[in-house]
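1. Build me a structure from this.
(one chain, ligands or ions: 2)
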Amino acid sequence: MNKDDSTINKFYIKNYGCQMNVSDSEIVSSILLKNGYSLSENIKDAKIIFFNSCSIRKKSELTIINQLNKFEHLKKNGSLFGMIGCFSKEFKEYLLNKNKIDFFINPNSYKKIPNIISYRSYKKKNTDFFFDKKKESYDNIYPYKNLYEKKVTTFLSITRGCNNMCTFCIVPFTRGREISNNPDFIIKECTRLYTLGYKEITLLGQNVDSYKWKQKNNFVLNFSHLLEKLAKNIPDIRIRFTTSNPHDMSDDVIEIISKYENICNHIHLPVQSGSNKILKLMNRKYSKEDYLLLINKIRKIIPNCSISHDIMVGFCNEEEKDHLDTIDLMNKIKYNYGYMFSYSPRPGTYAYNKLVNNVPDHIKKRRLQEIINLQNKHSLYRMNKFLNKKQKVLIEGSSKKNNKHWYGRNQQNLVVVFPKNLYTKIGDLVSVKVKRVTSATLIGYMI
Ligand code: SAH
Ligand code: F3S
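-> Ligands and ions are numbered 1, 2, ... in the order given. This next block holds a predicted model:
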């Protein structure tokens, strides 16, 4: 690289996958900015381009390969390509062999990125990567926030990695074992975000309910304690969290949600399947009956709580009767919304090594469509319950469909659209009466 080149220190990060990756990009940006690098506004001016990868399903990897092909000319012109985030060993080897990426950095090694860049810049060889096995929490690194975006909602990771070892999931391998962040840092960071103008924070973790921090007096601070501390310390900020593994969700957390107005009434509770046989094969550690009891408890303690899910069809040995069990569970619960997937075998996982991916693609496709259709029906059913009701909505921006309308979300994380007036702005919390609904949107007017 030519030292006189003014773009030499410019980096750009392209995000794929979940909110956890967005949150990781903010940490990486923060580390690089502190080390004299500057953020490029567009990819073509950057000398170092990071692809923040997602390996959760084969499809995610294929998207990234397509993107790497699209940007190949930038690599040929001398930009360094680095991969961060969630990538499987096989994906890494494939990209390395094809010479698509210059260096890979796992989520425990972000602090080493400046060293790796300078090393790689003069070595000019895709030698090896600096892989730390040691768990890294990034406490004391304030994630970089792009304030020009004028966003009022943001995310903060409170745990990293996962110990659950669901048999289909690659996350414990790509992100490593679970580690919780220091609660003092979390509170300090949430306070900072509030003073920066954010009005809503979503706490992130693969399994937030397993958050724990041993204090000096040996008291173990758990997720319900953390939620309560945040709700009390920053009463004007809305708090959300994701994801809760049904196995680890405690009664205390449900009680704390119901006790504090600023903790939103929404729980994302991935069930994956309604069949006990499949749940066992997935190593999910709860049964359909346990899950239904948990839902009943939530609905009793927080009557207006919305509940969303992740469901996966076509896992190994899933027969029609297992699929019907999932449909039965969905009919019993009638979720507000959900994310639905078709099983994709991931190298290195237990399911990949020991079970057989024996549900044909056309059956996976049909089952997936069936649950998507059913969920749409249930979403509409749930949305109808909001008709003529008053909602507290945080204004997030202009509606994409109509610039004269605001777009925001209510406590239950449902999208609400309504006409603007002269006195409201992004970040205001307003009351909206719902007059019309679709399966995805509540439509109304301010009162
Ligand atoms: N921590 C979350 C899951 C994170 S991954 C939990 O407790 O459930 C997000 C979702 O991706 C999962 O809920 C699952 O539905 C889906 N998923 C994970 N691995 C998958 C795979 N191999 N194939 C298809 N979908 C998968
Ligand atoms: Fe994956 Fe299960 Fe953890 S789905 S992220 S191993 S809770």
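2. Tell me where the model's unsure across the stretch 1-150 of the chain.
-> By pLDDT under 70, the low-scoring segments of the stretch 1-150 of the chain are 1-8, 120-133.
3. Which segments of the chain make up each domain?
-> With domains defined by automatic domain parsing, the chain comprises 3-130, 147-384, 390-446.
4. surely R284 meets D248?
-> No. Counting by Cβ atoms under 8 Å, D248 is not a contact partner of R284; they are 11.1 Å apart. For the C-beta atoms, the positions are set from N, CA and C on the backbone; glycine is no exception.
5. And these two? Which one has more around it.
-> More neighbours surround R284 than the other of R284 and D248, with 23 against 16 (other Cβ atoms under 10 Å).
6. so where does that one fall, helix or strand?
-> For R284, there is no enclosing helix or strand under DSSP states H and E.
7. Next up, the contacts around it.
-> If a contact means Cβ atoms under 8 Å, 6 or more residues apart in numbering, then R284 has 166, 246-247, 272-273 as its contacts.
8. With K334 instead?
-> K334 makes contact with 378, 381-382, according to Cβ under 8 Å, 6+ apart.
9. Mind telling me which residue of the stretch 301-447 of the chain is nearest ligand 2?
-> Among all residues of the stretch 301-447 of the chain, D310 sits closest to ligand 2, at 8.1 Å; criterion: Cβ to the nearest ligand atom.
10. Pull up the per-residue confidence for that residue.
-> Note on D310: pLDDT of 98.
11. where's it relative to S287, distance?
-> 17 Å (Cβ to Cβ, to the nearest Å).
12. re the thing from before, can you name the two of the contacts of R284 that are farthest apart?
-> For the contacts of R284, the maximum inter-member distance is 13.7 Å, found between H247 and S273 (Cβ to Cβ).
13. quick one, which of those two is more surrounded?
-> Neighbours per residue (other Cβ under 10 Å) separate H247 from S273, with S273 holding more: 25 against 17.
14. Skipping adjacent residues, who's closest to L355 in space?
-> C316 (3.9 Å; Cβ to Cβ, 6 or more residues apart in numbering).
15. okay, now that neighbour: neighbour count?
-> A total of 19 residues lie near C316 under the criterion other Cβ under 10 Å.
16. Please work out the average pLDDT along the helix ranked longest in the chain.
-> When the chain is scanned for its longest helix (criterion: DSSP state H), the result is helix 361-384. Helix 361-384 shows a mean pLDDT of 98.
17. Just the buried residues of it, please?
-> 363-364, 367-368, 370-371, 374-375, 378-379, 382-383 (16 or more other Cβ atoms under 10 Å).
18. Same check on stretch 386-398?
-> Judged by neighbour count using 16+ other Cβ under 10 Å, the buried positions of stretch 386-398 are 386, 391-396.
19. next one: stretch 339-349
-> The neighbour-count check on stretch 339-349 (16+ other Cβ under 10 Å) flags 340-346, 349 as buried.
20. got TSV for those, with distance to ligand 1, secondary structure and pLDDT too?
-> Below are the buried residues of stretch 339-349 laid out as TSV (distance: Cβ to the nearest ligand atom, whole Å; DSSP: H, G, I helix; E, B strand; the rest coil; pLDDT from 0 to 100):
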residue	distance to ligand 1	secondary structure	pLDDT
M340	8	strand	98
F341	4	strand	98
S342	6	strand	98
Y343	5	coil	98
S344	4	coil	97
P345	7	coil	97
R346	5	coil	97
T349	7	coil	97
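21. what sits opposite V415 in the beta ladder?
-> R409, T441 (DSSP bridges).
22. Could you measure from S379 over to N421?
-> The spacing between S379 and N421, counted by Cβ to Cβ, is 29 Å.
23. my bad, should have said N276
-> Per Cβ to Cβ, N276 is found 52 Å from N421.
24. Could you do T174 as well?
-> In this view, T174 and N421 are 47 Å apart by Cβ to Cβ.
25. With respect to D24, which of the buried residues of stretch 339-349 is nearest?
-> Minimum distance to D24 across these is 19.4 Å, recorded for R346 (Cβ to Cβ).
26. Isn't that closest one up against V171?
-> No. Applying Cβ under 8 Å, one finds R346 not in contact with V171, separated by 9.4 Å.
27. So which residues of the stretch 1-150 of the chain form helices?
-> Ranges of helices within the stretch 1-150 of the chain are 19-34, 58-70, 72-76, 89-97, 113-123, based on DSSP state H, counting those that start in this stretch.
28. just these: most buried one?
-> Greatest average neighbour count among the helices of the stretch 1-150 of the chain goes to helix 19-34 (a mean of 20), per mean count of other Cβ atoms under 10 Å.
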